[in-house]
Every structure is written in C-alpha cells, then in structure tokens.
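Novice: Whatever this is, show me its structure:
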Amino acid sequence: MRLGGYLSRLPKPPNQMLLEQIIRLISESKKPVLYVGGGCLNSSEELKRFVELTGIPVASTLMGLGSYPGSDEDFALQMLGMHGTVYANYAVDKSDLLLAFGVRFDDRVTGKLEAFASRAKIVHIDIDSAEIGKNKIPHMSICADLKLALEGLNSILEEKIRKLNLDFSEWRTELKEQRTKYPLSFKTFGDLIPPQYAIQTLDELTGGEAIITTGVGQHQMWAAQFYKYNRPRQWLTSAGLGAMGFGLPAAIGAAVAKPEAVVVDIDGDGSFMMNVQELATVRVENLPVKIMLLNNQHLGMVVQWEDRFYKANRAHTFLGNPANESEIFPDMLKFAEACGVPAARVAKKEELRAAIQKMLDTPGPYLLDVIVPHQEHVLPMIPSGGAFKDVITEGDGRTKY
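Specialist: Numbers count the residues shown, from 1 in each chain. So this is what the prediction gives:
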C-alpha cells in the first residue's frame with residue numbers, strides 16, 4: 001500500500017555532504033560506539049555491513065535487540081541503559097563518538113542526561129524530526145530514513161575504506177576486558193530455579209531461533225539479557241508503553257503470522273494474569289504458542305524497588321494467598337486445564353531442562369509454570385536518574401539496604 005499523503009511527509013534522502021562529515025568524524029575518533037534502537041529493525045543488513053566496514057562495537061536499546069546479531073561477541077555489547085550490561089554502559093560512558101541510529105534517548109537508556117555520553121561527540125540519525133535534540137542535543141544530526149542513510153554511509157566507506165585505515169581493535173580489547181570483568185551472571189538459590197537460568201536453557205534448547213514475547217517486569221529484562229536475538233523482530237515487547245499482559249496476545253499474533261516458527265511467551269505471573277483469558281483463543285485457534293511462566297508469586301520489579309529503596313516495605317506486591325503463603329496461588333495449571341491447554345509445573349533446577357524440552361516437543365499450545373525465587377533482582381541496575389558511576393552489580397532480596 002502506498003499512501004500519497006503519508007509518503008509526501010517522509011523526510012528527504014540524506015545529504016551526501018552530511019554523510020561524508022560522519023565518515024570524517026569516525027576517522028578522527030578513537031573510541032566510537034553505535035547506539036542502535038527500534039529504528040534500525042528495517043535496516044539490519046545495512047547495519048551489519050556498516051559494522052563490518054568500520055569495526056565499531058554495537059550497543060542496543062530494548063527495542064533495537066535483534067537489529068545486530070546478539071551472538072556476535074566481537075562487536076555486540078548487548079543492551080545498554082538501566083538494566084543494560086556493564087560493558088555496554090561503560091562503552092557509552094568512555095566513548096568519544098556516539099553514533100545514535102534510530103533511537104530517542106529515553107530516560108531508561110540515558111539516566112542522568114548530562115552525564116550520558118558526556119565525553120562524546122553525538123551523531124543522531126532518525127526519521128522523526130521531533131526526536132532530534134528533544135532530550136540530548138547532538139553535535140550533528142540527519143533527519144532521514146535510516147536505511148537510506150546507512151546505504152549512503154556504506155557506499156562512501158566502500159569507496160574510501162583503504163584510505164581511511166580504520167582500526168578500533170584496541171578499543172574493542174578494552175571493552176572485552178570489561179565483559180570478562182563484569183559478565184552477566186546470576187545467584188544460586190539451592191535447588192531452586194534462577195529465572196535467568198531458565199531463559200538461558202530455553203536459548204540453548206531452541207538454538208536461539210525462537211520468537212520471544214514478554215509482558216513487563218523482571219522477566220522482560222531477563223529475557224532481554226539472557227536470550228541472544230540474532231534477527232529483527234525475533235523479540236516482541238511493549239517497551240516504553242510498559243503494557244503488562246502484552247506477552248500472550250503478541251505471541252498469538254506471531255504464531256498466526258509465522259506458523260512455522262517456535263513462539264515462546266516468557267511471562268511473569270503478574271503480567272500473565274492481565275490477559276489469561278487468551279488461553280481460550282490459543283486453544284480454539286490451535287496455535288503452537290508456548291508459555292514459559294516465571295512464577296515468583298510477586299510483582300517482581302516492584303518488589304526489587306521496595307527491597308532496594310523502601311526498606312523492603314511491601315505494598316500489595318505479593319500475588320499469592322495471604323491465608324496460605326506456602327501454596328502456589330492462583331493455580332495457573334487450572335487456568336490451562338479449563339481451556340484445554342496442556343500444562344506442567346517445575347520447581348527444581350535439575351528438572352528444568354527436561355520440562356522445557358517437553359514443552360517444546362508437545363504439538364500445539366503448552367504452559368510451563370516455572371517456580372522461581374522472588375528474592376532475585378535484575379542486575380546490573382543504574383538507579384533512575386543515576387549515571388554509569390552509580391551502577392549496582394551486587395545483591396538481591398536476601399540483603400538489607
């Protein structure tokens with residue numbers, strides 16, 4: 001469909017002179033970083049070629065995951081921002097050139113604005129003129145379709161690559177040292193299942209090929225951190241809208257659009273309850289949607305903030321039955337049974353792999369209720385309004401703050 005009124009409002013193709021200025025800035029830099037967002041999802045191949053030509057490492061926003069292959073540890077720094085990796089945030093903090101492509105500098109990425117990329121010249125390319133200079137004033141900007149801009153940049157690079165002699169290997173080595181020093185990790189809780197371990201196991205058993213959807217909260221951040229997304233739109237999440245309950249309807253849409261794909265809704269019990277009735281839709285339409293429910297009986301992200309900043313005072317964040325706190329409530333398996341969806345529960349780490357494999361092997365829909373400890377926190381964490389120097393890398397709900 002080509003809507004004339006819409007197309008007429010699109011920005012013009014990028015100016016060649018401006019693109020050449022960006023190449024000059026790259027050639028003058030020692031520590032450049034790509035900061036890529038949802039605006040890169042339609043330009044994945046062009047982005048990969050740009051990284052191949054320049055050797056610049058890539059940090060992604062929550063929405064940008066998959067625009068550059070997450071399994072490429074030579075260049076992919078994973079997610080940056082509040083719950084981003086230490087090495088991605090370190091890269092932005094120490095960079096001398098920040099290439100912001102298809103992003104909006106939102107508060108969950110920047111934290112304290114004046115401290116974000118404070119040493120760097122900023123180049124901002126975005127299709128929406130309202131986003132340029134809204135939160136962070138760039139040194140140079142282009143309002144254009146990012147795909148066209150990257151094609152233009154790649155064309156110039158291919159022509160001049162030998163003259164430019166770009167070499168950022170020392171910078172990448174510095175970042176690899178940070179990755180080794182501060183890897184993504186998680187605690188052990190005896191024979192209980194760490195939620196991150198469940199996601200890692202799912203990544204292994206699906207070969208990193210599944211389409212993943214989520215609700216909102218801790219499970220969403222862990223799914224962003226511990227599953228490696230290698231292609232655009234393999235990762236479906238509500239992002240800035242913060243819509244709890246998004247996971248199951250999004251998985252339904254993905255399963256209808258791509259019936260041959262493995263589609264897994266990694267959900268939390270709080271988010272899942274928002275749209276639990278869609279289990280009936282999944283059954284009636286016989287969609288092969290797999291639901292891996294990380295059930296900690298709490299609104300986990302709120303509990304984390306209560307633990308860290310409010311002396312663990314609880315404000316209606318326990319979702320179980322106060323009259324019997326030891327039972328799993330509500331019983332998610334009964335919701336599934338009511339809708340004719342096969343389901344199982346797993347609570348021990350040693351039984352998890354077989355349970356996930358059974359979920360994946362079962363034809364049609366399936367719900368796996370994974371019981372996880374509510375004391376676990378999403379780390380790293382840069383507190384709201386904080387800067388990279390404030391990053392938290394240790395602790396959980398078993399510690400008093």
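Novice: Distance check, the closest residue to residue 51 other than its chain neighbours against residue 172.
Specialist: Counting by Cβ to Cβ, 6 or more residues apart in numbering, residue 51 lies nearest to residue 75, which is 5.4 Å off, once chain neighbours are set aside. C-betas here are computed from N, CA, C, even on glycine. Taking Cβ to Cβ, to the nearest Å as the measure, residue 75 falls 8 Å from residue 172.
Novice: Residues that sit against both of the two, list them.
Specialist: Residues touching both residue 75 and residue 172 (Cβ atoms under 8 Å, 6 or more residues apart in numbering) are 55, 57.
Novice: Quick one: neighbours of residue 325, just the number.
Specialist: 10 (other Cβ atoms under 10 Å).
Novice: what residues are up against it?
Specialist: Going by Cβ under 8 Å, 6+ apart, residue 325 touches residue 318.
Novice: and it, helix, strand or coil?
Specialist: With DSSP: H, G, I helix; E, B strand; the rest coil as the basis, residue 325 sits in coil.
Novice: Quick one, grab the pLDDT at it.
Specialist: Residue 325 carries a pLDDT score of 92 in this model.
Novice: and if you look at residue 72?
Specialist: pLDDT, residue 72: 97.
Novice: That one: neighbour count?
Specialist: Look at residue 72: counted by other Cβ under 10 Å, it has 14 neighbours.
Novice: and the helix or strand hosting residue 170, how far from the chain's centre?
Specialist: Assigned by DSSP states H and E, residue 170 belongs to helix 169-181. On the basis of Cα atoms, centre = their mean, to the nearest Å, helix 169-181 sits 21 Å off its chain's mean C-alpha point.
Novice: got the contact list for that helix?
Specialist: The contact list for helix 169-181, computed with Cβ under 8 Å, 6+ apart, reads 30-32, 55, 57, 73-75, 77, 85-87, 90-91, 94.
Novice: can we see that at 7 Å?
Specialist: Here helix 169-181 makes contact (Cβ atoms under 7 Å, 6 or more residues apart in numbering) with 30-31, 57, 77, 86-87, 90-91.
Novice: So which of the residues you listed is the closest to residue 193?
Specialist: residue 86 (24.7 Å; Cβ to Cβ).
Novice: one step back: show me the two of the contacts of helix 169-181 that sit farthest apart.
Specialist: Top of the distance list for the contacts of helix 169-181 (Cβ to Cβ): 30 and 86, 20.8 Å.
Novice: who has more neighbours, these two?
Specialist: More crowded of residue 30 and residue 86, by other Cβ under 10 Å: residue 86, with 20 against 11.
Novice: pLDDT of the helix holding residue 170, averaged?
Specialist: Helix 169-181 comes out with an average pLDDT of 98.
Novice: low-confidence ranges in this protein?
Specialist: When residues are selected by pLDDT under 70, those of the chain lie in 1, 4-8.
Novice: Apply 80 and report the result again.
Specialist: Applying pLDDT under 80 to the chain picks out residues 1-9.
Novice: how about the strands in it?
Specialist: All strands of the chain, identified by DSSP state E, fall at 32-36, 58-60, 76-79, 97-101, 121-126, 140-143, 211-214, 235-236, 263-268, 289-295, 343-346, 366-371.
Novice: Can you lay out those strands as a markdown table showing distance to residue 319 and mean neighbour count?
Specialist: Output for the strands of the chain, formatted as a markdown table (distance: least, Cβ to Cβ, whole Å; neighbours: other Cβ atoms under 10 Å):
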| stretch | distance to residue 319 | mean neighbour count |
| --- | --- | --- |
| strand 32-36 | 36 | 28 |
| strand 58-60 | 31 | 28 |
| strand 76-79 | 27 | 24 |
| strand 97-101 | 39 | 26 |
| strand 121-126 | 39 | 23 |
| strand 140-143 | 45 | 18 |
| strand 211-214 | 17 | 27 |
| strand 235-236 | 24 | 22 |
| strand 263-268 | 10 | 30 |
| strand 289-295 | 9 | 27 |
| strand 343-346 | 16 | 19 |
| strand 366-371 | 13 | 24 |
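Novice: about what we covered before: which of the contacts of helix 169-181 sits closest to residue 268?
Specialist: Within the contacts of helix 169-181, distances to residue 268 taken as Cβ to Cβ reach their minimum at residue 86, with 24.3 Å.
Novice: show me the residues around the closest residue to that closest one other than its chain neighbours that make contact.
Specialist: In this structure, residue 86 finds its nearest non-sequential neighbour in residue 182, 3.6 Å apart by Cβ to Cβ, 6+ apart. By Cβ under 7 Å, 6+ apart, the contact list for residue 182 reads 86-87, 393.
Novice: where do the helices sit along the stretch 201-350 of the chain?
Specialist: For the stretch 201-350 of the chain, the helices defined by DSSP state H, counting those that start in this stretch cover 218-226, 247-257, 269-272, 278-284, 300-309, 332-338, 349-361.
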